[in-house]
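Novice: 3D model of this:
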Amino acid sequence: MSHPKAMNLRFPDPAQRSAIEAAARQEGVSLQEYILSAAYARATAVEERFLDAFRASMARSGDAFAEEAGTAESGDGRRSAELQARRDLEEQQERGHAA
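Specialist: Residues are numbered from 1 along each chain as shown. Model (predicted):
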């Protein structure tokens, strides 16, 4: 039976490796476990941002259908809501790239 191989952790920057090792020691976990936990946390955060954007999109879609029924805001109000939604999405994307 074969044994799983350890992750190959190479860091071109020794200071970066030292900082990550120190953070792992402070958490009381191995370097591998610390890196995997951080990757999982980041993926979960990305998923949550996606779901938030999806929920907002669904709400806007609901508003659009309501407007067709004559219960939503005027054309000017809709346009400003669309522009605000676009700004919100662009801000989320910028924050996602920064993470």
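Novice: Remind me what the strand or helix carrying G77 packs against, helices and strands.
Specialist: Applying DSSP states H and E as the criterion places G77 in helix 75-98. Here helix 75-98 touches helix 31-68, going by 3 or more CB pairs under 8 Å, 6 or more residues apart in numbering; DSSP states H and E. Just so you know, the C-beta spots here come from the backbone N, C-alpha and C atoms, and that holds for glycine as well.
Novice: quick check: angle from the helix it packs on to helix 75-98?
Specialist: Angle between the axes of helix 31-68 and helix 75-98 is 170 degrees (criterion: axes from the mean of the first three to the mean of the last three CA atoms, to 10 degrees).
Novice: From the chain's centroid, how far away is helix 31-68?
Specialist: Relative to the chain's own centre, helix 31-68 is displaced by 6 Å; criterion: CA atoms, centre = their mean, to the nearest Å.
Novice: Which other helices and strands does it contact?
Specialist: Using 3+ CB pairs under 8 Å, 6+ apart as the test, helix 31-68 ends up in contact with helix 14-27, helix 75-98.
Novice: pLDDT of it, averaged?
Specialist: The pLDDT scores in helix 31-68 average 86.
Novice: in it, what counts as buried?
Specialist: 31, 34-35, 63 (16 or more other CB atoms under 10 Å).
Novice: quick one: which two of those are the most distant?
Specialist: Maximum pairwise distance in these, criterion CB to CB, is 48.5 Å, between L31 and D63.
Novice: Mind checking the pLDDT average for stretch 91-99?
Specialist: Summarised as a single mean, pLDDT over stretch 91-99 is 71.
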